[in-house]
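**Q** Sequence first, predicted model second:
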Amino acid sequence: MTQSVVVQVGQCGNQVGCRFWDLALREHAYVNKKGLYDEALSSFFRNVDSRKSAGGACGVGGRIQHLKARAVLVDMEEGVVNEILQGPLREVFDSTQLLTDVSGSGNNWAAGHMTYGSAYREQILDKLRKAAEHCDCLQCFFLIHSMGGGTGSGLGTRVLSLLEEEFPEVCRIVTSIYPSAEDDVITSPYNSVLAMRELTEHADCVLPVENQSLVDIVSKIQLMSHSAKPGSVIKRDSTVISGQGGISGPEKPFDAMNNIVANLLLNITSSARFEGSLNMDLNEIAMNLVPFPRLHYLVPSLTPLYTLADVSVPTRRLDQMFSDAFSKDHQLIRADPKHSLYLACALMVRGNVQVSDLRRNIERLRPSLPFVSWNQEGWKTGLCSVPPVGHSHSLLALANNTCVKPTFMELREHFTRLYRKKAHLHHYLHVEGMEQSFFSEAIASLSSLIEEYHHLDATKARLIPDAPRLSIAT
Amino acid sequence: MQRTKASVSVEVKQVIGALCRLLAAVGVDSVPAPESFRRAKFGGGAEEDQFWQLLSSILQKAGVVPSEAGSQLGGEHRKWVAAGLWQTGYHADWMYESEGGDAEGGRSLSSRDLLLALGWLLASGTLEKLLTQRVQQLDKTLLTSVPVNLHLSNEFQSDSASLRRLQWLTGCLRHQGRILLSMLQERTRLLHAVFSANLSSTASSSSSQSSTVLKEDCSCIRQLCDLLEAYLNWTQVEKVFWTWMDSVVDCHLTGPVVKRPTHTPSGNLRVCHHGTWGLEKLEDMLLRLPTAQECNTHTSIRTQVSVFIASILYSLSSQEGQRRGRGDVKDREGGEKGQAGLDASFLPPFISSLPSVPALSQVCRARLRVEKPVRHRSCTAEDVHSGAEAPCELPVSQAAEMLLHAETLLLERRDRQRQANRTQLQEMIGRQDLLVLIPP
Amino acid sequence: MSVVTLQLGQCGNQVAHQLFHVVCSDAQNAHKKTYRAESCERFFHQNTHGELVARAVLVDMEPKVINHSLSEAARSGRWRYGESSHFSQKQGSGNNWANGYCVHGPRHRDVVEELVRREVERCDRLAGLVAMMSVAGGTGSGVGAYVTQCLRDIYPTSFIINHLTWPYGTGEVIVQNYNSVLTLAHLYQLSDAILVHENDTVHRICSQLLNIKHISFSDVNRVIAHQLGSVLQPALTTDSHGVYSRNPLGELVSALACHPEYKLLSMCTIPQMPSSSIAYSTFSWPALLKHLRQMLISNTKMEEGIDWQVRPPGGSGRSMGLTGGSFNTSLANLLILRGKDVYSAETGGFEDPALYTSWLSSKEAFNSWKSPVPFNKYEKSATLVSNSQALLRPLDDMVGKAWNMFASRAYIHQYTKYGISEEDFLDSFTSLEQVLSSYRHLC
């Protein structure tokens, strides 16, 4: 069984991370009735018996003593982390896993990346190494951060390049929260574009999430739950935004949105943790969904958003789940994948679904989804038998689709609007180690990325003939 | 020097000893002692009989000569042996002796000739044949293969279907072989188990019936082992033997003791082996010249050279005629002063177009120089004319030199032609479309 | 006469597990003692407690499936896997053939070789090795190809047969076509024969013949195991002289795969029906064989939807074009009949020279094995293993899709980072095109 380490950087990153750990505990409590420390738990948690000497790490199979998260928490402000440590999750974290500072990055990518990055380099590496040592087979690093701020964006990407240096063989999956258009941080375009370059170069996969989409989904669910239509009563705790049943108390603002992202992470790792008839490991995700090294932006979508209280589960609902996964309401960025070109797509199904249902739905949906010419059957499927809490089955779709192009183009537009006027540039250039070339290189990198997606898009409508085969002399 | 010579001779003796042991193990009777071999190199007469016996035994065992040939000495018996040797492809001078018997005109067959004949037999694979026969006799466990009913048609078509069929059959046989191998392995393991079980229970049960069979088996296997061991030893030292054989051949070629027949077998135009050997080599070279249709120069060269050869052959036959009529030579030569010894008129003018080819037109029968000083002196006039030696005779060395020279020239020509062909082909390929395009 | 099975990757382990299950229950239900003894000897050995232990080596790069197999087998009570006959790691190959072949294979070579050696030594006599794997993933295909290469070096004279499961055409893994091409190209040189099952075909058998509504992978595996079992269980062959053949793999290979360019073998079994219906059905050899023959000719893998219009080409003038392309030319066929009244079965229909290619006579191309013992509850059953053009189309599709992807160089960086270069890809493509060409021109 493999282990994964979660690295949460910045305010947003830590808030999301906090929700993740809460929901993870809830899920394992639901599944693991016997209180044994099994393989599934060990993928995210260490079992520590404080009575034992030498740190007291326990192997798999014993009773649960004390669960410690395999995580590293980094923030340049103390607020969020302190809140966590005072909340019910304090037992889950060890002081050695935390790294904080006081003053914050001031929404400045350069401050986070250069200043704090160099200052805390050794400490960060140390904590990462320790976390890795506790794993006997480390498969993946999950990085959670936001793109618009200073710490998450700057220091987060610095941590990413450190991970690449120090653990080149371990997969790096980054969950990035992209700013929405009406973001109150003025310099968020700068931060985002500078961070994008790092992501393109150092990450294995990026799961972009847009705040706006999360807001939309939350409002949709709340609309549903308040509509009180007959037959549409939502089962308690079954929404993707619900955090009930976890350790934490009543929900805070943003919790609903963060729960969605937390569920995303749980679903991605479900097949690696629990058994199923068609397992899908994390390194298989990177292998199957990334045809070209730079095009590794995978658009996630989660269904179902809620389960109705009505117990009978007709197959139609199963099919509905599959159809929803491709609709633009369920994507976690504002994009419509159905009208853009698919390079590859992965479907991870949880619950009591058979391979025949899966295949039937793929057959049904395939004609309406435009795939790139050389990957007409570009589907990667995984079946995990354990459903998430509150649902009988669920589906996570990860699509490598050119629909990210508009998002990036918008980002570029916002960036150029500011950069043209050289607004706020001096904040960045004052930071030691930062130069103007970073900006130009970053925007160039983003432009070429957009170009690459554009090239692929251009092939969409055209009928590409098959490449001529090798001919053998008879 | 003395020491090395001695050690060499010891080694040679050991090597020949290995051969003798192998021959004996294979079942050949009357194998002479190694010392006889060495004496035979120098052409002693005493060893002749031994070697006649040996050759006869080998040929009988190999089935070339019927066993009715018997082992008695005598002219009849020798004829059998000679016929057997002829069958295997050995054509030596002494085998051309006329019916009238041997030792005519002072020609006596030496043991060295027989030694050379033995060398020929060994080189042509007779030994391996005898070895295989003997192994098959001894090893009863060798499965007598039931011949697979292969319907191999007499005329072998080399089209792809037959090729595939052949490949299929080969594969089938290979698989069968592996199955047999594994069965054999299992059997060996079981036999081992049986034997070890038997050994543990002491040989109190003296069932004589089973033991005789076992004893026979044992002796067969022992013989087989000896045979295979002898063969192995022989293969290890074979090279030395052939080096020694070379020295025998050298002896043979340079030895003054050897007399040559004064006349060729009656009637037929027959060319000397040595001479034809040179010609055959020439012909070989020419055949290897590329036969491109477009190449005019080629055809012309070919025609030229083939005519050239034809002329050589003709001239050789005319040589024969001339030699036969030795008595007329003087008259002929006297009569036609303008001619060289060779009928130059038969050499068409194209010879001049082969400027590089030397006066090989002065083709002669290359044979050992015999002392015929009389003839030479009579042709002095023509000698001066032709600007060369006796037109009909050249010493071997000079003839060999001329042949070699011509060979090198022709080889050069051939290479030049090949180069031209190659460049032509490359141009053609360049002009053609590429067969395989890998898109970027 | 013992067969050592090598189970590689998730699919290989799952299918082989089912195979042992089928074989064990068939053997134990058989009435004939010799059959039972031979079958048990072939697939199992007895440990000190008298239990049947499978002659198998289990290899996977991640532990879940192996653990599941071990516990399932032990729970069945009839047979089990050896305590130490398995090897697994913590982390899989990530669907990456290069990772399996260049990294995991060499790293764990010694351990796997040792496990196989132990198993082989336990056999009194080795009939051969059967390696079972899928071609779509990373471990089964990559590690499987590497291990087959090692075994070929160690046991040059033994028979090595690979059983491959080809994935669904619509995809389980996106890079499955790359993995398949690389695997097949490498195995073609090393293996003596390659037995193929396609998931698509078996899925159709499950849905149409067995009437299973929600088909799971274990249903698919069960069908594959049934077909494979009917080939590998003891039978009387022409060379075995009245006893059960002691060279099953050798005879299989020498009957079907003697030519180095033609090694792909497909199989179909008749009848196949839900187990509940077996008791109510009667079978007759003529009907079974007639259907089977037409299944061969028209390249259908099940007894429903057979196209009876397809006929073998008549008389002289055989060429590819005449039959309109839907006729399936065979190179060689092996018919295995099991059950009641086997000796009365008339197999003349399979000896028709029109079925075969012109350069082999039907005597050489057709072989038949018989066993009077019914197999796996079917009173009469017939299996046809054939070396024919049946796999031409699927292979062509697979190579075509892989080539298209290769033309855009998609995913190549994932392979090059472990050591498989574009040259290796090109070599594999070339050798498979050669295979396709050979089969296409079979007439």
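**A** Yes, it's here. Residues are numbered from 1 along each chain as shown, chains lettered A, B, ... in the order given.
**Q** What is the burial count for residue A:260?
**A** Residues lying near residue A:260 (other Cβ atoms under 10 Å in any protein chain shown) number 23. C-betas here are computed from N, CA, C, even on glycine.
**Q** quick one: what helix or strand has it in it?
**A** Residue A:260 is part of helix A:255-273, with elements assigned from DSSP states H and E.
**Q** Quick one: low-confidence residue ranges for the stretch 151-300 of chain B.
**A** By pLDDT under 70, the low-scoring segments of the stretch 151-300 of chain B are B:151-158, B:200-211, B:255-281, B:285, B:288-300.
**Q** Next secondary structure element downstream of the helix or strand hosting residue A:287?
**A** In the assignment (DSSP H and E), residue A:287 maps to helix A:282-289. For helix A:282-289, the following helix or strand on the C-terminal side (DSSP H and E) is strand A:299-303.
**Q** which other helices and strands contact that next one?
**A** Counting contacts by 3 or more Cβ pairs under 8 Å, 6 or more residues apart in numbering or on different chains; DSSP states H and E, strand A:299-303 packs against strand A:205-210, helix A:255-273, helix A:315-325, strand A:393-401.
**Q** what's the closest of those to residue C:409?
**A** When those are compared by Cβ to Cβ, strand A:393-401 sits nearest residue C:409, at 15.7 Å.
**Q** pull the CA atoms of the closest one into PDB?
**A** The C-alpha coordinates for strand A:393-401 follow below in PDB (Å, rounded to 0.1, in the frame of the first residue of the first chain):
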ATOM      1  CA  HIS A 393     -22.000   5.500  -5.800                       C
ATOM      2  CA  SER A 394     -20.200   8.500  -7.100                       C
ATOM      3  CA  LEU A 395     -18.100   9.500 -10.100                       C
ATOM      4  CA  LEU A 396     -15.100  11.700 -10.500                       C
ATOM      5  CA  ALA A 397     -14.200  12.700 -14.000                       C
ATOM      6  CA  LEU A 398     -10.800  14.100 -14.800                       C
ATOM      7  CA  ALA A 399     -10.500  15.600 -18.300                       C
ATOM      8  CA  ASN A 400      -7.500  16.800 -20.100                       C
ATOM      9  CA  ASN A 401      -9.500  19.200 -22.300                       C
END
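**Q** by how many degrees do it and helix A:315-325 diverge?
**A** Going by axes from the mean of the first three to the mean of the last three Cα atoms, to 10 degrees, strand A:393-401 is angled at 30 degrees with respect to helix A:315-325.
**Q** which regions of chain A lie under the pLDDT threshold?
**A** Scanning chain A with the threshold set as pLDDT under 70 gives A:50-58, A:227-239, A:241-253, A:306-316, A:474.
**Q** ok, which stretches of it are strands?
**A** Along chain A, counting by DSSP state E, strands occupy A:3-9, A:45-48, A:57-58, A:67-69, A:71-75, A:98-100, A:138-146, A:171-178, A:205-210, A:299-303, A:342-351, A:379-384, A:393-401.
**Q** As a markdown table, those strands with mean neighbour count and distance to residue B:59 would be great.
**A** Below are the strands of chain A laid out as a markdown table (neighbours: other Cβ atoms under 10 Å in any protein chain shown; distance: least, Cβ to Cβ, whole Å):
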| stretch | mean neighbour count | distance to residue B:59 |
| --- | --- | --- |
| strand A:3-9 | 26 | 83 |
| strand A:45-48 | 21 | 90 |
| strand A:57-58 | 15 | 88 |
| strand A:67-69 | 20 | 94 |
| strand A:71-75 | 26 | 93 |
| strand A:98-100 | 18 | 99 |
| strand A:138-146 | 26 | 79 |
| strand A:171-178 | 26 | 80 |
| strand A:205-210 | 22 | 83 |
| strand A:299-303 | 23 | 90 |
| strand A:342-351 | 24 | 79 |
| strand A:379-384 | 24 | 77 |
| strand A:393-401 | 25 | 82 |
